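S.K.: got a predicted structure here, sequence first:
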Amino acid sequence: MTKAQSGTWASAKNIALSDVLKVPKQGLSQAQAATITVNPATAYNIVHDFTQLVEGDWIVQNGANSVVGQGVIQIEAAKGYKTIDFIRDRDDVELLKQHLELLGATYVVTYDTLSDKSSRTKVKTWIGPFDKLSSIM
């Protein structure tokens, strides 16, 4: 849809034909097409609306493998920000980590890793001295 909607999910809705945007059959799944006007804008707003970041600043985010999280990673990489991206552990966690790193993630960490107290030292080593740390999501 091309105009802002009421903000609630619906299985069916009557709208004007002029409010519909035709999406090519190739290149996007139905889920991607349905959320294309939501997730990229959400990622952009998360990075830009909460604080003023400068190149080299850090962003810490939960659920980094979500569509919004992946958008945040790509935006931060383009802006020169650094991230620590948290994800759930899973069977294919190394593939997921590689995927997020290819998008621009600085560090990808599973929540299980946080239970190890040595993780704090590792994070301090990664970040070093800093003026601000933005934690999102």
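M.R.: That came in fine, so what should we check first?
S.K.: drop to CA atoms for contacts and neighbour counts, all remaining ones
M.R.: Will do.
S.K.: pLDDT of the longest helix seen in the chain, averaged?
M.R.: Here the longest helix in the chain is taken by residue count, with DSSP state H as the criterion, and it is helix 67-79. Helix 67-79 shows a mean pLDDT of 94.
S.K.: for stretch 119-129, same thing?
M.R.: Here the average pLDDT along stretch 119-129 is 80.
S.K.: with stretch 46-63 instead?
M.R.: Summarised as a single mean, pLDDT over stretch 46-63 is 87.
S.K.: tell me the buried residues in it?
M.R.: By neighbour count, and taking 16 or more other C-alpha atoms under 10 Å as the criterion, the buried residues in stretch 46-63 are Ile46, Val47, Leu53, Asp57, Trp58, Ile59, Val60, Gln61, Asn62, Gly63.
S.K.: so of those residues, which ones are in strands?
M.R.: In strands, judged by DSSP state E, the following of the buried residues of stretch 46-63 are found: Trp58, Ile59, Val60, Gln61.
S.K.: the last one reaches Lys82, doesn't it?
M.R.: It refers to Gln61. No. Look at Gln61 against Lys82 with C-alpha atoms under 8 Å: they stay out of range, at 11.0 Å.
S.K.: and the residue nearest the centre of the chain, what is it in contact with?
M.R.: When the chain is reduced to its mean C-alpha position, the closest residue under C-alpha atoms, centre = their mean turns out to be Gly69, at 1.3 Å. For Gly69, the contact set (C-alpha atoms under 8 Å, 6 or more residues apart in numbering) comprises Ala43, Gln61, Asn62, Gly63.
S.K.: any idea how far Asp19 is from it?
M.R.: Distance of Gly69 to Asp19, given as C-alpha to C-alpha, to the nearest Å: 28 Å.
S.K.: swap in Trp9?
M.R.: The span separating Trp9 from Asp19 equals 17 Å under the rule C-alpha to C-alpha.
S.K.: same deal with Lys82?
M.R.: Taking C-alpha to C-alpha as the criterion, Lys82 is separated from Asp19 by 38 Å.
S.K.: between those two, who's got more neighbours?
M.R.: Between Lys82 and Asp19, Lys82 has the larger neighbour count (other C-alpha atoms under 10 Å), namely 21 against 12.
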